[in-house]
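Peer 1: need a structure here:
(one chain, ligands or ions: 1)
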Amino acid sequence: MQQKPKILLIYTGGTIGMMKDPKSGVLKAFDFANLLKRIPELRLLSCDITALSFKEPIDSSNMNPKFWVQISEIIESSYDRFDGFVVLHGSDTMSYTASALSFMLENLAKPVILTGSQLPIGDLRTDAKENLITSIQMASLQENNQPIVREVGLYFEYKLYRGNRTTKINAEHFEAFESFNYPNLAESGVHLKVNHEALFVPDVNEKLLVHKHFDTNIVLVKMFPGISDTILECMVNHPSIKGIVLETYGAGNATTEKWFVNALKKAIERGVQVVNVTQCPGGSVNMGQYETSSELKQIGVISGKDMTSETAVAKLMYMLGEKISSNSFKTMFEASLRGEIT
Ligand code: ASP
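Peer 2: Numbering: from 1, shown residues only. Okay, the predicted model is just below:
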């Protein structure tokens, strides 16, 4: 007889785990030890669920690499005992965590699905139950006793996305995420429809390797008309800076003013890694297509191609943390490590 998949549910915090106190009407963190009692629908799923929670659940606006390490260690220590993992997380920084986990969990061959909700699980019109139940189902999908999804995914409002391709796009609609540059991995309608061609194919012969070092000495700079030389130079020349993610216009364009290009050039010469991503939600950086990006290419700016800013930030902190040598940094950054680049 086929065994039921074993799913580990990890509650880190966020709206999804809250309930309204019936007396005071105040939103309070939900006791995840009693999850099955509170959501009896979970018993109908054909999998065995174990739930655990952060001691002090957080609003995801307080997320940082220390918590990423905590999540990865929970997955690492229970990897062999479970067939899939569902991480409940606030939606605000979920795309950053999904990206970070994708880099941390090298050779991941099981599903790690992040989900959350716009309304608390105890709310009458909540989107939490559907998101939670279907995420568990996505994590339980198997073929010949092997998991179908073998990467870090993000499930929200009927869609499973590759986690490191997502961006939070809406603070109001239930459809809060979008993956502009990569197709959905699966959709939930009357049936769960998996887009097999879009799924990541890991090397199953390699063991899971968990990377836990992030270097946070980076800055994210969004270009805008009128950007100030003194302020930009302050950031770029700061003694602790090791990396810059530059959110440029369109296909990777920026002002051609001398002070701007020189500031970046000097930083690159000092060993600072400068990455170019577009501030457009969709599309890709293509340095050299316009005159306004050819100098960036010449001075050695790294192309983030069609990576999201969230992923570029996580990848930069990850690669700096891994102390990747300056010789191979650009080549490695411009390569797809976990399906984050097309
Ligand atoms: N501020 C909340 C958080 O990100 C919003 C949510 O849960 O969706 O933790």
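Peer 1: name the element the residue of the chain at minimum distance from the ligand belongs to?
Peer 2: Nearest residue of the chain to the ligand, counting by CB to the nearest ligand atom: Gly90, 1.8 Å away. For glycine as for every other residue, the C-beta is placed from the backbone atoms N, C-alpha and C. According to DSSP states H and E, Gly90 maps onto no helix or strand at all.
Peer 1: Next one, pLDDT for it please.
Peer 2: Here the pLDDT value assigned to Gly90 is 95.
Peer 1: does it really touch Ser60, like I thought?
Peer 2: Yes: taking contacts as CB atoms under 8 Å, Gly90 lies within contact range of Ser60: 2.8 Å.
Peer 1: residues bridging contact with these two, i.e. touching both?
Peer 2: 12-14, 116 (CB atoms under 8 Å, 6 or more residues apart in numbering).
Peer 1: Got a quick PyMOL command for the buried subset of those residues?
Peer 2: Under the burial definition 16 or more other CB atoms under 10 Å, those of these that qualify are selected in PyMOL by:
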select buried, resi 12+13+14+116
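Peer 1: Run through the shared contacts of Gly90 and Ser60 and flag the ones next to the ligand.
Peer 2: 13-14, 116 (CB under 6 Å from any ligand atom).
Peer 1: Among the residues you listed, which one lies nearest to Met94?
Peer 2: Gly116 (6.0 Å; CB to CB).
Peer 1: residue contacts, that closest one?
Peer 2: Gly116 neighbours (CB under 8 Å, 6+ apart): 14-16, 60, 88-91, 94, 128, 131, 156.
Peer 1: neighbour-wise, which of these leads?
Peer 2: Among those, the one with the most neighbours (other CB atoms under 10 Å) is Leu88, at 31 neighbours.
Peer 1: which ones are touching the nearest residue to that residue once chain neighbours are set aside?
Peer 2: Computed as CB to CB, 6 or more residues apart in numbering, the closest residue to Leu88 that is not its neighbour in sequence is Tyr11, at 4.5 Å. By CB under 8 Å, 6+ apart, the residues touching Tyr11 are 17, 32, 51-54, 57, 88.
Peer 1: do Val86 as well
Peer 2: 7-10, 113-115, 132, 135-136, 139.
Peer 1: quick revisit: rebuild the shared contacts of Gly90 and Ser60 as JSON lines, extending it with secondary structure, pLDDT and distance to Asn262.
Peer 2: JSON lines is the format used below for the shared contacts of Gly90 and Ser60 (DSSP: H, G, I helix; E, B strand; the rest coil; pLDDT from 0 to 100; distance: CB to CB, whole Å):
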{"residue": "Thr12", "secondary structure": "coil", "pLDDT": "95", "distance to Asn262": "43"}
{"residue": "Gly13", "secondary structure": "coil", "pLDDT": "91", "distance to Asn262": "44"}
{"residue": "Gly14", "secondary structure": "coil", "pLDDT": "89", "distance to Asn262": "43"}
{"residue": "Gly116", "secondary structure": "coil", "pLDDT": "95", "distance to Asn262": "43"}
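Peer 1: ok, of the shared contacts of Gly90 and Ser60, which one's closest to Ile148?
Peer 2: Gly116 (22.2 Å).
Peer 1: quick one on the thing from earlier: make a markdown table from the contacts of Val86 and add neighbour count to it.
Peer 2: Output for the contacts of Val86, formatted as a markdown table (neighbours: other CB atoms under 10 Å):
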| residue | neighbour count |
| --- | --- |
| Ile7 | 24 |
| Leu8 | 22 |
| Leu9 | 23 |
| Ile10 | 22 |
| Ile113 | 28 |
| Leu114 | 28 |
| Thr115 | 30 |
| Leu132 | 25 |
| Ser135 | 28 |
| Ile136 | 21 |
| Ala139 | 31 |
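Peer 1: sorry, back to before: please name the bridge partners of the residue nearest to Leu88.
Peer 2: Ser53, Leu88 (DSSP bridges).
Peer 1: can you pull the pLDDT of it?
Peer 2: pLDDT at Tyr11 comes out at 94.
Peer 1: How about Asp123?
Peer 2: pLDDT for Asp123: 84.
Peer 1: swap in Leu36?
Peer 2: The predicted local confidence for Leu36 is 69.
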